[in-house]
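Enquirer: No letters, just coordinates:
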């Protein structure tokens, strides 16, 4: 018996209709897979992306670039010298600061040690000369006074002798005071001021040495060079990026979970991770769960999930390798509850 094609077509349409009627809604299936549906005791599957931190390296000082040691794609280790500025102006600055420190230290030593014995001896000799001058002036004044009583000396001569005596007496007083100051040494206030000046000079030297050290740009961590922004000979200023680095450790995965399954993803939970480009399975640990809900990001959402509120997770990959690249889609599996 030959079956009509129309009958076969009708039977096929009925089979398709029956399958559609008993198939779960697409939205419910997607929610179950992504952990956005109701709570479940089975393995929880989440989706996210690799999140590798990046660093823009820049000098703290301005100057002319003399060397760029790495190209894009090169691996660098912690402390590696990435680039260098012309250091001559900064070496000159250090030399000037060192000379100022030496000068200030010499001034302080002079005040602290006091005057030399030779200087004190010279001051004592000045006092003795002033005393002799005063004695001569007083003797001359006495003679002129005696002569003036007999009209042998004029009044003007007596006045000159009187002035010479007073001048010699004042000079002696000044020499005696100078000698006393030399014996006492510097005042404590002067010594304190000299100490403060020396401290300021040392601080300026430290700043100059720091600026000299900043002419070398060092890698802050083990990383891979993403971009080489400048070239030798360029003039750069503070905070102008010279390199962009991709940090090799730690490597994070950013994933999202719905509120019904939030209790399954507490910090410290061990998870498994897998990418589409490799059969290798990575191990990770949930390190952070956002306290704030947000809409599903476009990078992991489907058309049906755009209005669902989720919580962001940060997962630390324990055994990351070069197979994990920035932004790569990752499937996260949370073990079933016991």
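Expert: Looks like it arrived, so ask away. None of the values given here were measured: they were computed from a predicted structure. Numbers count the residues shown, from 1 in each chain.
Enquirer: least trustworthy helix or strand in this structure by mean pLDDT?
Expert: In the chain, no helix or strand scores lower on mean pLDDT, DSSP states H and E than helix 26-34, which sits at a mean of 34.
Enquirer: so what strands line up beside the helix or strand just after it?
Expert: Note on helix 26-34: by DSSP states H and E, the next helix or strand toward the C-terminus is strand 44-58. Paired strands of strand 44-58, with direction, are strand 241-258 (antiparallel), strand 329-334 (antiparallel) (DSSP bridges).
Enquirer: Helix or strand: which one has the closest residue to residue 100 other than its chain neighbours?
Expert: Nearest residue to residue 100 in three dimensions, chain neighbours excluded: residue 201, at 4.6 Å (C-beta to C-beta, 6 or more residues apart in numbering). Every C-beta, even on glycine, is put in place using the N, C-alpha and C of the backbone. Per DSSP H and E, residue 201 falls inside helix 188-213.
Enquirer: for residue 98, same thing?
Expert: Counting by DSSP H and E, residue 98 is found in helix 88-113.
Enquirer: Tell me what angle that helix forms with helix 188-213.
Expert: Counting by axes from the mean of the first three to the mean of the last three C-alpha atoms, to 10 degrees, helix 88-113 lies at 160 degrees to helix 188-213.
Enquirer: Can you tell me the centre-most residue of this protein?
Expert: Centroid-nearest residue in the chain: residue 60, 8.9 Å away (criterion: C-alpha atoms, centre = their mean).
Enquirer: burial count for the closest residue to it other than its chain neighbours?
Expert: Leaving aside its chain neighbours, residue 60 sits nearest to residue 214 (4.7 Å; criterion: C-beta to C-beta, 6+ apart). Look at residue 214: counted by other C-beta atoms under 10 Å, it has 17 neighbours.
Enquirer: for residue 50, same thing?
Expert: Other residues lying near residue 50 total 21 when counted by other C-beta under 10 Å.
Enquirer: which residue sits closest to residue 61, ignoring its sequence neighbours?
Expert: residue 214 is the one closest to residue 61 (C-beta to C-beta, 6+ apart), at 4.7 Å.
Enquirer: Go ahead and confirm residue 234 touches residue 64.
Expert: Yes: if you go by C-beta atoms under 8 Å, residue 234 and residue 64 touch, sitting 7.3 Å apart.
Enquirer: which stretches of the stretch 201-338 of the chain have low pLDDT?
Expert: Flagging of the stretch 201-338 of the chain using pLDDT under 70 yields the residue ranges 296-307, 338.
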